[in-house]
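1. Build me a model from this:
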Amino acid sequence: MLRALVIALFLANLAWWAWYTPLLGLNTGDSPEREPQRLTRQVNPEQIQVLPPQAREPDPPALAASAAPEAGSAPASSPESSPAASVASAAASAAEPVAPLCLEAGPLDEADFTAAKRELQGASVATDGWVDMRREKPASHAVYMGRFPDDEQMERKREELQRINVPFEAYTASAPAGLAPGFTLGRYPSNEQAQARLKELQAKGVRTARVVVLTPASTEHTLRVDQASPAQQAALAKAASRWRACTGNTP
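-> A predicted model of the protein is given here:
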């Protein structure tokens, strides 16, 4: 009995499969899985449009990132990197005017000052186009004892100054010309101060000291051209006075 039931179920399933299998062609009725019945189930089919390739949506970020190295392997030449752009940039730079520059030379003594003025004339700098920033340097004086003929006399004078408690400084070979060997008993910016000190020392018993000029009074010059043109800059750059860019403000 059970065997007959199993055989009946098997035949029933086989018949159902044969009926709904399109390859066998047994079912000629409407099938929910075959055309054109499936087309009837579309929703608003008239809104479907076929777009050209250029109107398609952009690639996802992952695809764009994978394509970036290939695009970077052959970069297109930009206008800035092209030879024509480089030539145009160089021509534009060459066409830019050179701005006037402030130049100065100094400090100069009297001889160098005269030479620098000739350089200004040679560079076509007008007389009102430069200024002389001068600084007066006063003379330096000293109460001096010497010049000793030998070391023995110098040592004897040293002992005398130490005995009467007079401070002094020995002049060696590095002293101003003609003052070594000797002693300086004080340095002063003016002759009047040096003479007053000499009188004090004479009152203490110093007899052979005198006032000497260590460095004479002088004038120190610094020349400045506030608005040197490019041509004047080129001319002064070749001069011997070592013209340079200004470091301070015009007084």
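2. so what pLDDT did Ser174 get?
-> At Ser174, the model reports a pLDDT of 63.
3. Stretch 161-177: which residues count as buried?
-> Within stretch 161-177, the residues that count as buried by 16 or more other C-beta atoms under 10 Å are 161, 166, 168, 171, 175. For the C-beta atoms, the positions are set from N, CA and C on the backbone; glycine is no exception.
4. what residues are up against the fourth one?
-> Shown in contact with Tyr171 (C-beta atoms under 8 Å, 6 or more residues apart in numbering): 146, 179-184.
5. Weed out the non-buried ones from these.
-> 146, 179, 181-184.
6. Pick the one among those closest to Pro45.
-> Thr184 (119.5 Å; C-beta to C-beta).
7. which element is that closest one on?
-> strand 182-188 (DSSP states H and E).
8. Output the helix or strand just after that strand in CSV with nothing but the alpha carbons.
-> Counting by DSSP H and E, the element after strand 182-188 in chain order, helix or strand, is helix 191-203. Taking only C-alpha atoms (Å, rounded to 0.1, in the frame of the first residue of the first chain), the coordinates of helix 191-203 have been written out as CSV:
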residue,chain,number,x,y,z
ASN,A,191,93.9,120.3,25.4
GLU,A,192,92.6,122.3,28.4
GLN,A,193,91.9,119.2,30.4
ALA,A,194,95.3,117.8,29.7
GLN,A,195,97.0,121.1,30.7
ALA,A,196,95.0,121.1,34.0
ARG,A,197,96.2,117.6,34.7
LEU,A,198,99.8,118.5,33.9
LYS,A,199,99.7,121.3,36.5
GLU,A,200,98.4,118.9,39.2
LEU,A,201,101.3,116.4,38.4
GLN,A,202,103.9,119.2,38.5
ALA,A,203,102.6,120.1,42.0
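9. Tell me where the stretch 151-251 of the chain has strands.
-> Defined through DSSP state E, counting those that start in this stretch, the strands belonging to the stretch 151-251 of the chain, from first to last, are 169-171, 182-188, 210-215, 218-228, 244-245.
10. of all the ones you listed, which lies closest to Lys137?
-> If you check each of the strands of the stretch 151-251 of the chain against Lys137 by C-beta to C-beta, strand 218-228 wins as the nearest, at 4.8 Å.
11. what's that closest one in contact with?
-> Strand 218-228 is contacted from outside by 100-110, 112-113, 116-117, 120, 123, 125, 129-137, 232, 236, 241, 243, 246, 250, using C-beta under 8 Å, 6+ apart.
12. Separate out the buried members of those.
-> Burial by neighbour count, judged by 16+ other C-beta under 10 Å, picks out 101-106, 108, 112-113, 116-117, 120, 123, 125, 129-130, 232, 236, 241, 243, 246 from those.
13. Sitting in helices, which of those do you find?
-> Secondary structure assignment (DSSP state H) places 112-113, 116-117, 120, 232, 236 from these within helices.
14. pLDDT and distance to Val212 added to those, as a markdown table?
-> Conversion of these to a markdown table gives the following (pLDDT from 0 to 100; distance: C-beta to C-beta, whole Å):
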| residue | pLDDT | distance to Val212 |
| --- | --- | --- |
| Asp112 | 94 | 27 |
| Phe113 | 94 | 27 |
| Ala116 | 95 | 32 |
| Lys117 | 94 | 33 |
| Leu120 | 95 | 38 |
| Gln232 | 94 | 45 |
| Leu236 | 94 | 41 |
